[in-house]
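Asker: Starting from these lines, generate the structure:
(chains A and B)
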Amino acid sequence: MPQAFITPTSQYIRYNTKVARSRATSEPLWIRWLLITIALVFLSLFLFVPLAAVFTEGLRKGFATYISAIVEPDALSAIKLTLIAAAIAVPLNLVFGLAAAWAIAKFEFKGKSILITLIDLPFAVSPVIAGLIYVLIFGLQGWFGEWLSNHDLKVVFAIPGIVLATIFVTFPFIARELIPLMQAQGKEEEEAGLVLGASGWQIFWRITIPNIKWGLLYGVILTNARAMGEFGAVSVVSGHIRGLTNTMPLHVEILYNEYNYAAAFAVASLLAFLALITLVLKSYVEWQTAKNALRNEVHKLIIRRESI
Amino acid sequence: MAKRKNVLPGFSLSLGYTLVYLSLIVLIPLAAAFIKTTELSWHEFWAVVTAPRVVASYKLTFGASLIAALINAVFGLLTAWVLVRYSFPGKKIIDALVDLPFALPTAVAGIALTAVYSANGWIGSIIEPLGIKVAFTPLGVIVALTCIGLPFVVRTVQPVLEDLEAETEEAAASLGANRFQSFTKIILPAIWPALLTGFALAFARAIGEYGSVIFIAGNMPMVSEITPLIIITKLEQYDYAGATAVAVVMLGISFALLLLINALQWWTNHRLTASR
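Answerer: Below is the predicted model:
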């Protein structure tokens, strides 16, 4: 999955290179506009037109139908379950991401690159297979199936299974965000804190966290978006029980398969709106990080000049 | 570099927690898939994973993923180029929207593409009279996979294009190269590793994709049925061993791709640091 998306250290620092290009290293005007047009047509065909379709299809039968599709009890319980799954998966993966990044970025040990590859594994696994493996373990015929049913516990076709599948598919996001960031920052500041008598947790909260807060937020935003939108993995473990184990994307599927298009697109438009908010937040975080990077550069320049 | 004693606290706690969490959530469940397949004899396993319907699904999944990744390589490169080199109104918004497939739930992308490309949709109603049927055909699978893989090439090539120094292109121009020559001889070699990485990422993502494809594909056995759907169908028939056998084949291919991508990324970073 998206290495470039997850390690934005290089793209954060997107200085606006508004260098006037000479004619020798630029293209004639008509070629420029031709290329821009091709790119826009490509993006429109695969992104912009489908996005617009979500909202227009949702509103096709009027605003009243739109609202009633969203406040209907099954839709509300799907929204609630989606929020619950994200509220459990995001913090758990956040703690894991911090622990993994601390171990990998601040210490040297054997097998580090193998560990990083293993953390990436869930990106390479099809969401359907992510659901399948939990069915194999917790399903009725699975390893713990008999024990669970004897104790009247349900994991698969119930909320715990949905949460587990969500954790799996969002597993690497925060760790992959923090590892390169903390590696680039080194450990001098933490060591200085230690020399000045700070405890481990004081160092962590007062030095490390403020240093990585934007990267951390970036990871949380991505994890949350994926957690709320996951379909394949959740579909396998949920059992599609209306009002009980349906998340928002699954609810969209059910409505769509019942040819209730207006309602399906109404709920889908909520998810699309969420995706747009995610993109706005993401752009804000990128802008903040670029600003901080620029400020640090200026600081370094000032210090260098003063020391001369 | 001299070996220095690390004085920071928390190594065993953080590494221990990392390993336990990784094992519980990822490694042990994945191992379950491999252990489950041992219930089948080698002969049975082979019969399941080479059944005609399953083989047809591999062909569709890998063929469509390959074509989608190629489309993304060409147009993603073009998009990255336009976003880095040219300025036009609305560029910042378009740049931000490129990431939409990462943030948009795949099921939403699936129903939206189906609505747009079906016979009475906005685009479908234009191209269907021309004899191009997209929705409910293998072509629809390619459209869905192109959509979800779109950001990968753009986002891997973009930073490399931004870092490219103008001097080499100026030197090429002063030596008499035209724009096309300096693109193929100077720029393309520099962005090649990043382009290849983006291509591999888009390809790997497309192979496992499920949500966006099932709505637009029509899911006809032997024609437009993808491998992840085969796994789900087998699961719904309580054929756990069969589902797992097909899953293990996909896992093997995905792991091989992951190793390839890691190697490619190492190559990209290596080239980047070497040129500095």
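Asker: Apart from its chain neighbours, what residue comes closest to whichever residue of the stretch 51-200 of chain A sits closest to chain B?
Answerer: In the stretch 51-200 of chain A, the residue found nearest to chain B is A:Ser126; the distance is 3.0 Å by C-beta to the nearest C-beta. Heads up, the C-betas are built off the backbone N, CA and C, glycines and all. Nearest residue to A:Ser126, sequence neighbours excluded (C-beta to C-beta, 6 or more residues apart in numbering or on different chains): B:Gly208, at 3.0 Å.
Asker: Let's see the pLDDT reported for that neighbour.
Answerer: B:Gly208 is assigned a predicted lDDT (pLDDT) of 92.
Asker: In the chain, which residue is most central in space?
Answerer: Reading this off chain A. Centroid-nearest residue in chain A, with C-alpha atoms, centre = their mean: A:Leu222, separated by 2.0 Å.
Asker: that's the other chain; I wanted chain B
Answerer: Against the mean C-alpha coordinate of chain B, by C-alpha atoms, centre = their mean, the closest residue is B:Ala202 at 2.1 Å.
Asker: Surely A:Ala124 and B:Leu258 touch.
Answerer: Yes - look at A:Ala124 against B:Leu258 with C-beta atoms under 8 Å: they come within range, at 4.1 Å.
Asker: OK, contacts around the closest residue in space to A:Ser238 that isn't next to it in sequence?
Answerer: In space, not counting the residues next to it along the chain, A:Ser238 is nearest to A:Thr245; the distance is 4.5 Å by C-beta to C-beta, 6+ apart. With contact set as C-beta atoms under 8 Å, 6 or more residues apart in numbering or on different chains, A:Thr245 has these partners: A:Leu81, A:Phe157, A:Ala158, A:Ile159, A:Ile162, A:Ser238, A:Gly239.
Asker: give me phi/psi at A:Thr245?
Answerer: Dihedral angles of A:Thr245 (phi, psi; degrees, to the nearest 10) stand at phi -120, psi 30.
Asker: Who are the contact partners of B:Gly211?
Answerer: Neighbouring residues of B:Gly211 by C-beta under 8 Å, 6+ apart: A:Pro127, A:Phe231, A:Gly232, A:Ser235, A:Pro249, B:Pro105, B:Thr106, B:Ala107, B:Ala109, B:Gly110.
Asker: In a markdown table: those residues, plus pLDDT.
Answerer: A markdown table is the format used below for the contacts of B:Gly211 (pLDDT from 0 to 100):
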| residue | pLDDT |
| --- | --- |
| A:Pro127 | 94 |
| A:Phe231 | 94 |
| A:Gly232 | 93 |
| A:Ser235 | 92 |
| A:Pro249 | 95 |
| B:Pro105 | 95 |
| B:Thr106 | 95 |
| B:Ala107 | 95 |
| B:Ala109 | 96 |
| B:Gly110 | 96 |
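Asker: These: which two are farthest apart?
Answerer: Spatial extent of those (C-beta to C-beta) is set by the pair A:Ser235 and B:Ala109 at 14.8 Å.
Asker: give me the low-pLDDT residue ranges for the chain?
Answerer: Using chain A here. A:1-24, A:307-308 (pLDDT under 70).
Asker: Chain B was what I was after
Answerer: Judged by pLDDT under 70, the stretches of chain B that qualify are B:1-5, B:272-276.
Asker: Would you map the helices across the stretch 1-150 of chain A?
Answerer: In the stretch 1-150 of chain A, the helices defined using DSSP state H, counting those that start in this stretch lie at A:3-6, A:9-12, A:29-43, A:49-59, A:63-71, A:73-106, A:112-124, A:127-138, A:145-150.
Asker: which ones are touching the closest residue to chain B within the stretch 151-300 of chain A?
Answerer: With C-beta to the nearest C-beta, the shortest gap between the stretch 151-300 of chain A and chain B falls at A:Gly229, namely 2.9 Å. A:Gly229 makes contact with A:Pro249, A:Leu271, A:Leu274, A:Ala275, B:Ala103, B:Leu104, B:Pro105, B:Thr106, B:Ala107, B:Val108, according to C-beta under 8 Å, 6+ apart.
Asker: any idea which element B:Pro221 lies in?
Answerer: Assessed by DSSP states H and E, B:Pro221 sits outside every helix and strand.
Asker: Ramachandran coordinates for it?
Answerer: phi -50, psi 140.
Asker: Would you map the helices across the stretch 51-200 of chain B?
Answerer: With DSSP H, counting those that start in this stretch as the criterion, the stretch 51-200 of chain B has helices at B:52-85, B:91-97, B:100-103, B:106-117, B:124-127, B:138-163, B:166-174, B:179-182, B:188-208.
Asker: ranking those by burial, who's on top?
Answerer: Burial of these is given as mean neighbour count (mean count of other C-beta atoms under 10 Å in any protein chain shown); helix B:106-117 ranks first at a mean of 28.
Asker: And that helix, what does it pack against?
Answerer: Packing partners of helix B:106-117 (3 or more C-beta pairs under 8 Å, 6 or more residues apart in numbering or on different chains; DSSP states H and E): helix A:49-59, helix A:209-229, helix A:248-257, helix A:261-307, helix B:138-163, helix B:211-217.
Asker: Now do the last one: distance to the chain's middle.
Answerer: Read it as helix B:211-217. 16 Å (C-alpha atoms, centre = their mean, to the nearest Å).
Asker: repeat for the longest one
Answerer: Chain-centre distance of helix A:261-307: 13 Å, with C-alpha atoms, centre = their mean.
Asker: Ignoring the adjacent residues along the chain, who's closest to B:Lys91?
Answerer: Spatially, and ignoring its direct neighbours in sequence, B:Lys91 is nearest to B:Leu83 (6.7 Å; C-beta to C-beta, 6+ apart).
Asker: I figured the one you found was touching B:Arg155, is that so?
Answerer: No - counting by C-beta under 8 Å, B:Leu83 stays clear of B:Arg155, with 10.3 Å between them.
Asker: ok, back up a step: in a markdown table, list the contacts of A:Gly229 along with distance to B:Ala47.
Answerer: Formatted as a markdown table, these follow (distance: C-beta to C-beta, whole Å):
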| residue | distance to B:Ala47 |
| --- | --- |
| A:Pro249 | 35 |
| A:Leu271 | 41 |
| A:Leu274 | 44 |
| A:Ala275 | 43 |
| B:Ala103 | 42 |
| B:Leu104 | 39 |
| B:Pro105 | 36 |
| B:Thr106 | 32 |
| B:Ala107 | 33 |
| B:Val108 | 38 |
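Asker: quick one: which of the residues you listed is nearest to B:Ala173?
Answerer: Relative to B:Ala173, the closest of the contacts of A:Gly229 is B:Ala103; by C-beta to C-beta it sits at 40.0 Å.
Asker: mind checking how far that closest one is from B:Ala202?
Answerer: Distance of B:Ala103 to B:Ala202, given as C-beta to C-beta, to the nearest Å: 17 Å.
Asker: what about the residue in the stretch 151-276 of chain B positioned nearest to chain A, distance to A:Val195?
Answerer: At 3.0 Å from chain A, B:Gly208 is the closest residue in the stretch 151-276 of chain B, using C-beta to the nearest C-beta. Distance of B:Gly208 to A:Val195, computed by C-beta to C-beta: 48 Å.
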